[in-house]
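Asks: from the sequence below, what's the structure:
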Amino acid sequence: MIDSSANTKSQPIDVIIPWVDGNDPQLTAKRKQFVKSDITSRYSGAHPTRFASSNEIRYCVLSILKFAPFVRTIYILTDNQDPDVYGEVKKYFPERLNAIKIVDHKHIFRDYEEYLPTFNSISIGNMAWRIENLSENFVYFNDDVFLIRSITPEDWIVDGRPVLRGRWRIAPFVKIAKRKIKGIIQAKILHNPNYQPKFSFYIVQWNAARVLGMWYKFFFNCHTPHVMNRKRIEAFYNDNTDLLKKNIWFRFRNQSQFNVTTLSNHLELLSGNRNAAKLNLGYLVPSIYSPKKLNRKMRRIDNEERVKSVCIQSLDTASPQTQDKMFKWMDKILDLEPAS
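Replies: Okay, here's the model as predicted:
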């Protein structure tokens, strides 16, 4: 049996969680300076739900401390804010209080300050590897992703290389063609020149594969913890500085960008990493499910031992009753007292 504790001492694993408090009036005012029209129809990347917080960060942090106790440091990456999780950490994991570090966007955008402020999760992700003293292999969480069962370092790292969780997909040529046709119809027939197509998670991932010359298929990843190698990403961007600048230029999420998680996966694959594994996540969008469907999906997650993490997306748009239901569910999984 592999000694996980010895492994993480010689090869530490850190976690990065990007987070903002969308209710912060200073952040809202800052964001509105760069939005020149109706944000709900013109800029999907500027929609308020992109920045809303329902205290998911509480569950994200505590789930990592409970189910991945080998993690060395949890870096919360934010814009002059602080989620103030220290009281909760001190209550449940007092010995891990020093493991929580707040990192400002200014730190990761040093020497690239002209691209700040940014409200773009893709741009932030593409710079996150620049945190000083970050472990060579690190795990990138969104704040709406939570661990729900115990994991080992080998769930994330095998033989010093990241474990890649996803599946191969054909390039989304049909999706792109449909979007172009719909755009023409909106502009020429329906006279809606401001039409913006729905943001496609597939296309931004395919963009990452294309950057590396992989045009016809790509390794698609989902809403799960993403393991990346800092040195490999750094080497790529050192050789492609102009590409990095082009990719982080947008203040809000843009369809022409590529995300760093998919870039990292393809860099790994092209360099010989064969640690591909099946997806082991649950995915919930409570705001669009009927109560019956939500209960069914929650039961499946509860009963399937292979599911190690869950993404609860856009919880802020769910009803107060549904939000309360999800919080109670997570409290039970994590053995927490309900948040006050």
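Asks: state the distance from V158 to I148.
Replies: Distance of V158 to I148, given as CB to CB, to the nearest Å: 22 Å. (Glycine included, C-beta is placed from N, CA and C.)
Asks: neighbour count: those two, which is higher?
Replies: I148 (21 against 16; other CB atoms under 10 Å).
Asks: which residues does that one contact?
Replies: S63, F67, G282, I301, V307, K308, S309, V310, I333 (CB atoms under 8 Å, 6 or more residues apart in numbering).
Asks: so which of the residues you listed are in strands?
Replies: Using DSSP state E, the subset of the contacts of I148 located in strands is G282, S309, V310.
Asks: what is the helix or strand harbouring V174 packed up against?
Replies: Taking DSSP states H and E as the definition, V174 sits inside helix 173-184. Judged by 3 or more CB pairs under 8 Å, 6 or more residues apart in numbering; DSSP states H and E, helix 173-184 is in contact with helix 201-211.
Asks: and the contacts of the helix it packs on?
Replies: By CB under 8 Å, 6+ apart, helix 201-211 touches 122, 169, 171-172, 175-176, 215, 217-221, 243, 255-260, 262-263, 265-266.
Asks: next one: that helix to chain centre, how far?
Replies: On the basis of CA atoms, centre = their mean, to the nearest Å, helix 201-211 sits 15 Å off its chain's mean C-alpha point.
Asks: quick check: next helix or strand after it?
Replies: Following helix 201-211 toward the C-terminus (DSSP H and E): strand 217-220.
Asks: so what secondary structure elements neighbour the following helix or strand past that following strand?
Replies: Following strand 217-220 in sequence order, the next helix or strand is strand 226-229 (DSSP H and E). When contacts are defined as 3+ CB pairs under 8 Å, 6+ apart, strand 226-229 packs onto strand 137-140, strand 161-162, helix 260-270.
Asks: buried ones in stretch 282-299?
Replies: Using 16 or more other CB atoms under 10 Å as the test for burial, stretch 282-299 gives G282, Y283, L284, V285, P286, S287, Y289, L294, K297, M298.
Asks: got a pLDDT number for the fifth one?
Replies: When you say that, I think you mean P286. On the pLDDT scale, P286 is placed at 96.
Asks: how close does it sit to L77?
Replies: In this view, P286 and L77 are 25 Å apart by CB to CB.
Asks: re the thing from before, what's in contact with the helix holding V174?
Replies: The contact list for helix 173-184, computed with CB under 8 Å, 6+ apart, reads Y195, P197, S200, Y202, I203.
Asks: quick one: neighbours of R300, just the number.
Replies: Using other CB under 10 Å: R300 sits among 11 other residues.
Asks: enumerate every residue touching it.
Replies: G282, V307.
Asks: quick one: the helices in the chain?
Replies: Applying DSSP state H to the chain gives helices spanning 4-10, 25-32, 39-42, 56-67, 86-92, 105-108, 121-127, 173-184, 201-211, 230-239, 241-248, 260-270, 291-303, 320-334.
Asks: okay, and the helix or strand of this protein with the least pLDDT?
Replies: The weakest-scoring helix or strand in the chain, judged by mean pLDDT, DSSP states H and E, is helix 39-42 (a mean of 44).
Asks: of all the ones in strands among the contacts of I148, which comes closest to K101?
Replies: Comparing the ones in strands among the contacts of I148 against K101 with CB to CB places S309 closest, at 21.7 Å.
Asks: for that closest one, give me the pLDDT.
Replies: S309 is given a pLDDT of 98.
Asks: beta partners of it?
Replies: S309 has these beta-bridge partners by DSSP bridges: L147, L281.
Asks: pretty sure it sits against N142.
Replies: No: at 10.6 Å, S309 does not count as touching N142 under the criterion of CB atoms under 8 Å.
Asks: identify the contacts common to those two.
Replies: Common contact partners of S309 and N142 (CB under 8 Å, 6+ apart): none.
Asks: contacting residues around the residue nearest the centre of the chain?
Replies: Centroid-nearest residue in the chain, with CA atoms, centre = their mean: N142, separated by 3.2 Å. Neighbouring residues of N142 by CB under 8 Å, 6+ apart: I17, P18, S121, H223, C311.
Asks: who wins on neighbours among those?
Replies: In the contacts of N142, the most neighbours by other CB under 10 Å go to I17, 24 neighbours.
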